[in-house]
Structure formats: structure tokens, C-alpha cells
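In: I need the structure of the sequence given here:
(4 chains)
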There are 2 protein chains.
Amino acid sequence: MITAHLHKLRQRTHVSADEEQAIRNSVAETRSVPAGRVMVRCGEPLSHSVMLLEGWMARVKDLEGGARQVTELHLPGDFVDLHGFTLKRLDHDVVALTDSTVGLVPHGRLREITERLPRLGRIYWFMTNVDAAITRELVLSLGQRSAISRMAHLFCEICRRLEIVGRGTEHGCDFPLTQRELSECLGLTVVHVNRTLQELRRRALVELENRQLTIRDRAGLEALAEFDPAYLYLDQHRL
Amino acid sequence: MITAHLHKLRQRTHVSADEEQAIRNSVAETRSVPAGRVMVRCGEPLSHSVMLLEGWMARVKDLEGGARQVTELHLPGDFVDLHGFTLKRLDHDVVALTDSTVGLVPHGRLREITERLPRLGRIYWFMTNVDAAITRELVLSLGQRSAISRMAHLFCEICRRLEIVGRGTEHGCDFPLTQRELSECLGLTVVHVNRTLQELRRRALVELENRQLTIRDRAGLEALAEFDPAYLYLDQHRL
DNA sequence: GCCCCGATGTAACTCATGTGAATCCCCCTC
DNA sequence: GAGGGGGATTCACATGAGTTACATCGGGGC
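Out: Model prediction:
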């Protein structure tokens, strides 16, 4: 269950047996979460962090008029609120997009890790910095990329991130979001998401049907998106 | 010189005498940097982090066609690339927007801090997480706020952040960006920045002249922006 | 088998923002 | 004080994306 998380870490750096044991011991409890549930609520005091074992979640920020923006999508193996360990409360909600399974990690255990296994502490610091890099790339998308390039970029990113945890291939992956949720990720309206999706299909780049993403022309898609995975920091790091 | 940085930290948490000493000792060298210089270049291997002592800098990401997006503005007291300590290379450039002074902090000394002063390590982890929160708020702006609300939000944020380090008041602050740079922060064209600026002036909310920002109606500005400073985490934290 | 309801698909029209110039205005320099 | 250059401003026009309104599809409940 926790293997996705370990895959994700080992993609980026060595994890010793000691460190792996500490990670396993850090999960105090696992829980099922139904789709739609608010897993972590904006502003509430936090005493543990949530490791996503199975399913998809999203960090969302709302505006008064009802507008909603997804700030980051979370896939199996991600900590959805590791930053909550130092921040102690979040500036956004975390909601389950699908039925999910999570592991709860008490902040006390994370704190011990920073005291007893400073290297593992740096690994987790690193992982929050990778989250931040993903968010910066989204800023670039929202600020400068056209709707179609933006959507292409999201597909490239998600598929690549799923590959790492053994849930996607170069030809596609599960993609359980509705067009409404997709629109909240991309800063577009549902109608325009629909148009853009059709344009991607018309250009024979991707197909999205039945919550399944099929990539027909990966090179073409990545070119359209100007996708460069460097910001995911997928190579090995000394930490 | 380093006082802005200490102010910024002490706004958020207690810093002991020991910790303060470690911070002061961490700066190996100070340097002057002219406006326009690329301080840290995307992708280059890093061996130290840069603390901004005086002046403004920006993290920028470029697209092939020449489009450029600022992902975060940096003010005196900020580390511009503390995340580089764990990432080892950046996914963006850092450029000086004004003549600046910086302190260089070798990664070795940061590493020692995580080993010998784990609490100070957590404080710095916390600070990178605050940077990430600022970036998330920008995602919300770019994805959902209108041009005028987006610009109002930026003014609210910058002024508040400058107040903390003693360089702004509730009535305004220095604002040395050109309209082009402003457009790169907001994901707008220069022309539309100009229009929007005039609309803000017409509504008697702010005035921007001679690189000086004057806030005429703070409550009105914050309402227009839906500005809630919670995401800056300005209260005291136990770390 | 039928009804609901959410998700998806389409079309027509509107509007915020982008494009591409031209002009103006300082401020600097020679 | 003539010339130059970057920034600011303005205008006319183009367009990508939003809005509104409806039609269709498809699965789940009864």
C-alpha cells in the first residue's frame, strides 16, 4: 500500500532500510475516504499529515463568487499536506476526487524524523519543494500558455507522475476527473474545456473517454505543451 | 543588513540567540548585484543559497515564444532560492529587478543547521512552505481573478510583505517595477496593465507614480482583491 | 422499462483581454 | 539643445474564452 510512496521517493533519492522503517512506522492509521469528502479543511489546526495510498485528491482554493481553482492534483504515493507539518493549518481545502485510501502520519512522528533522521527530514523537505515546483509550472501555464497547450501540459504531467508509481504508461493512464473538475484545474469554463478536448482529439493527440486517457501522439502532445519534465526532479539527488 | 531577514522570521516564530548566531554565521559573503542581472540560472548546479538583503528580485520562467511569467517576487529579507538547498538546481531563473545586495549562504552550513539545530531547520522548511503558499495564491489569481482584482491582490500582498520588514506602511510602499514587469507577474499584456492601472486610479483605490505605490483606500482595495492575508502565515508558530 | 440527474456536447452571442502601431514623455548623453 | 531610448499612453481592431441556453447521452433507482 505504501509502496507507491516509496517508489516516488526512490525515484528521486536513495532510501536506506532505517529510513524505510521509519516511514512505515510513521503511519499510525489507514482510512477509507469517499469521493467528494473534504479531507483537510482550510484553516483548521492540524496534528497529522495525510499520505494518499490509493485514489486522487486535489488542493482547492475558493473565491467568494463560487469560483474554484485547483492548485495541485494528488496521486497515489503523494503526501497531500506535508506542508501542514510546519504550517500547522492550510490555506486551502484538500478534497477527495475519487474514493480513496489514506494513511495518517502524526506530526510528532515527523518531528522525530527531523530530529533522529535529519537526512530523511531533508528528503521530505525536498518533496514539499517538488510540490512547489509543480505549482510554479502551473503558474506558467495559467499565466502564459493557451488553453490547448495548458491542457496538453496537464495530461503530460499527470501521465508522467502516474508512470513513476506504476499506474500509467507512455500511452495513457486513468483520468477520473469530470470536465468540470478539469476546468477548475485549468482556469477555464466547462464549455471551453469541452471545445479544447475535442480539438486535441481532432489533432489526434489524445483521447479522453470513460475516465481513461489515451495518448495517441506523445511527442506531438509534449511539443504542443512545451513539456519539459525537469521541474519534476525525477533524477537521483544526494540529500 | 540581515535585520530584515530576522524580522521576517520573528514575525512567524521565536528565534533564540543560538539560532540567530547560526543564521548570522551562515552568511559567508555579501555581494552587490546590478538591476537586470540573472542571479541564479535555471538548471545550474547550486552550492549556496542567496539571501536578499536589499532590493527586489523575481523568479521567472520563460516559454519558447518569448513569453515570460514571474512566479514570485522577492523583497529584502527573503531567501530567493532556499528551495535550491534540497533541489540542487532550479526550474526557473532568479533575476534582479533593482540594484541589490545579497548574502551567500553555502549549502554546507544549511546542512549543518538541519543536523545541529533541527528546530532552525524546521523554521527554514516552514519558510519554503510559505513561499509555496504565496505561489498557490498566485495560481488562484491567474486562474480565477479578473485583471483588476488580480492587480489589486498583488498590491495588497507586496505592501503587506514590505510592512513586515519595515519598508512599507498601510498607505503604500516603493514599487520599482515597470509596467512590463508588472504584466509578467499578472499574466497580462502591457497595454492591459496600463488600462487596469488607470481603472484602479479612477476608482480612487491606488496610485502608482515614480516607482511609488500609494494606497488611497485600503479597505476598498482589499475588498476588490478578496485579500485575506492568512496565506502569508503572519502569526506566531510553534516549530 | 422508465425516469432522473449529472455529465457531455453544441450553438449563438458577448466581452475581456490581446495585437500592433503610433505618439508622447521623460531623462540621459554628447 | 539635439538626438536617442526606454517607458507610458492611446487607439483601432482582432480573437480567445466566457455566457447562456438547450439538446443528448448514460447509468442508477424503482
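In: mind listing what residue A:149 touches?
Out: A:141, A:224, A:225, A:226 (CB atoms under 8 Å, 6 or more residues apart in numbering or on different chains). (Each C-beta comes from the backbone N, C-alpha and C, glycine too.)
In: distance of it relative to DNA strand D?
Out: Residue A:149 sits 8 Å away from DNA strand D, taking CB to the nearest atom of the strand, to the nearest Å as the criterion.
In: ok, residue A:213 next?
Out: Counting by CB to the nearest atom of the strand, the gap from residue A:213 to DNA strand D is 18 Å.
In: farthest pair in the contacts of residue A:149?
Out: By the measure CB to CB, A:141 and A:224 form the most distant pair in the contacts of residue A:149, at 12.3 Å.
In: and the helix or strand where residue A:53 lies, what does it pack against?
Out: Assigned by DSSP states H and E, residue A:53 belongs to strand A:48-54. When contacts are defined as 3 or more CB pairs under 8 Å, 6 or more residues apart in numbering or on different chains; DSSP states H and E, strand A:48-54 packs onto helix A:3-12, strand A:100-106, helix A:107-116.
In: which of those sits most buried?
Out: strand A:100-106 (a mean of 20; mean count of other CB atoms under 10 Å in any protein chain shown).
In: list the contacts of that strand.
Out: Contacts for strand A:100-106 (CB under 8 Å, 6+ apart): A:1-2, A:26-33, A:35, A:39, A:47-57, A:79-80.
In: put the buried members of the residues you listed into a PyMOL selection.
Out: The following PyMOL line selects those of the contacts of strand A:100-106 that are buried, judged by 16 or more other CB atoms under 10 Å in any protein chain shown:
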select buried, chain A and resi 2+26+27+33+39+48+49+50+51+52+53+54+55+56+57+79+80
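In: run the angle between the strand holding residue A:53 and strand A:100-106 for me.
Out: 150 degrees (axes from the mean of the first three to the mean of the last three CA atoms, to 10 degrees).
In: and strand A:48-54 with helix A:3-12, angle?
Out: 100 degrees.
In: isn't residue A:114 up against residue B:122?
Out: Yes: under the criterion of CB atoms under 8 Å, residue A:114 makes contact with residue B:122 at 6.0 Å.
In: okay, residue A:225 and residue A:149: tell me how far apart.
Out: As judged by CB to CB, to the nearest Å, residue A:225 and residue A:149 stand 5 Å apart.
In: returning to that earlier point: out of the contacts of residue A:149, which are inside helices?
Out: Per DSSP state H, helices hold the following members of the contacts of residue A:149: A:141, A:224, A:225.
In: quick one: pLDDT of the first one?
Out: Residue A:141 carries a pLDDT score of 97 in this model.
In: which residue ranges make up the domains of chain A?
Out: The record's domain parsing of chain A by automatic domain parsing lists A:3-138, A:147-232.
In: for residue B:238, find the nearest of those domains.
Out: Closest among those, once you apply CB to CB, is domain A:3-138, at 7.7 Å.
In: which stretches in chain A count as strands?
Out: Counting by DSSP state E, chain A has strands at residues A:29-33, A:38-40, A:48-54, A:57-62, A:68-74, A:93-96, A:100-106, A:168-169, A:172-174, A:206-209, A:212-215.
In: how about TSV for those, with mean pLDDT and distance to residue B:188 added?
Out: TSV is the format used below for the strands of chain A (pLDDT from 0 to 100; distance: least, CB to CB, whole Å):
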stretch	mean pLDDT	distance to residue B:188
strand A:29-33	95	39
strand A:38-40	96	33
strand A:48-54	97	35
strand A:57-62	97	20
strand A:68-74	97	17
strand A:93-96	96	28
strand A:100-106	97	37
strand A:168-169	95	35
strand A:172-174	94	34
strand A:206-209	93	29
strand A:212-215	95	32
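In: same list (these) but as a markdown table, adding distance to DNA strand C.
Out: Listed next are the strands of chain A as a markdown table, based on distance: least, CB to the nearest atom of the strand, whole Å:
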| stretch | distance to DNA strand C |
| --- | --- |
| strand A:29-33 | 17 |
| strand A:38-40 | 16 |
| strand A:48-54 | 20 |
| strand A:57-62 | 14 |
| strand A:68-74 | 13 |
| strand A:93-96 | 13 |
| strand A:100-106 | 17 |
| strand A:168-169 | 19 |
| strand A:172-174 | 13 |
| strand A:206-209 | 7 |
| strand A:212-215 | 11 |
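In: who wins for proximity to residue B:10 among those?
Out: It's strand A:48-54; of the strands of chain A, that one is closest to residue B:10 (CB to CB) at 26.1 Å.
In: sorry, back to before: can you add distance to residue A:173 and give the helices and strands packed on strand A:48-54 back as CSV?
Out: Formatted as CSV, those follow (distance: least, CB to CB, whole Å):
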stretch, distance to residue A:173
helix A:3-12, 14
strand A:100-106, 17
helix A:107-116, 30
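In: quick one on the thing from earlier: need the strands of chain A in JSON lines with distance to residue B:102, can you?
Out: Below are the strands of chain A laid out as JSON lines (distance: least, CB to CB, whole Å):
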{"stretch": "strand A:29-33", "distance to residue B:102": "45"}
{"stretch": "strand A:38-40", "distance to residue B:102": "36"}
{"stretch": "strand A:48-54", "distance to residue B:102": "34"}
{"stretch": "strand A:57-62", "distance to residue B:102": "32"}
{"stretch": "strand A:68-74", "distance to residue B:102": "30"}
{"stretch": "strand A:93-96", "distance to residue B:102": "36"}
{"stretch": "strand A:100-106", "distance to residue B:102": "37"}
{"stretch": "strand A:168-169", "distance to residue B:102": "42"}
{"stretch": "strand A:172-174", "distance to residue B:102": "43"}
{"stretch": "strand A:206-209", "distance to residue B:102": "44"}
{"stretch": "strand A:212-215", "distance to residue B:102": "43"}
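In: re the thing from before, how about the CA coordinates for the strand holding residue A:53, as CSV?
Out: Only the C-alpha atoms of strand A:48-54 are listed here, as CSV (Å, rounded to 0.1, in the frame of the first residue of the first chain):
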residue,chain,number,x,y,z
HIS,A,48,-1.2,14.9,11.5
SER,A,49,-0.4,14.7,7.7
VAL,A,50,-2.2,12.6,5.2
MET,A,51,-0.5,10.2,2.8
LEU,A,52,-2.6,9.3,-0.2
LEU,A,53,-2.3,5.5,-0.7
GLU,A,54,-5.0,5.0,-3.3
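In: quick one: contacts of that strand?
Out: A:1-2, A:4-5, A:27-28, A:30, A:39-40, A:74-82, A:84-85, A:94, A:100-107, A:110.
In: cutoff 6 Å now
Out: A:1, A:5, A:74, A:76, A:78-82, A:84-85, A:100-107 (CB atoms under 6 Å, 6 or more residues apart in numbering or on different chains).
In: quick check: the residue nearest the centre of chain A vs chain B, distance?
Out: The centre of chain A sits closest to residue A:74, judged by CA atoms, centre = their mean, with a distance of 2.7 Å. Separation of residue A:74 from chain B (CB to the nearest CB, to the nearest Å) stands at 14 Å.
In: and that residue, what does it touch?
Out: Per CB under 6 Å, 6+ apart, neighbours of residue A:74: A:52, A:57, A:80.
In: go on, residue A:153?
Out: With CB under 6 Å, 6+ apart, residue A:153 has these contacts: A:141, A:225, A:227.
In: got the confidence number for it?
Out: Reported pLDDT for residue A:153: 98.
In: distance check, it against DNA strand C.
Out: Residue A:153 is 18 Å from DNA strand C, by CB to the nearest atom of the strand.
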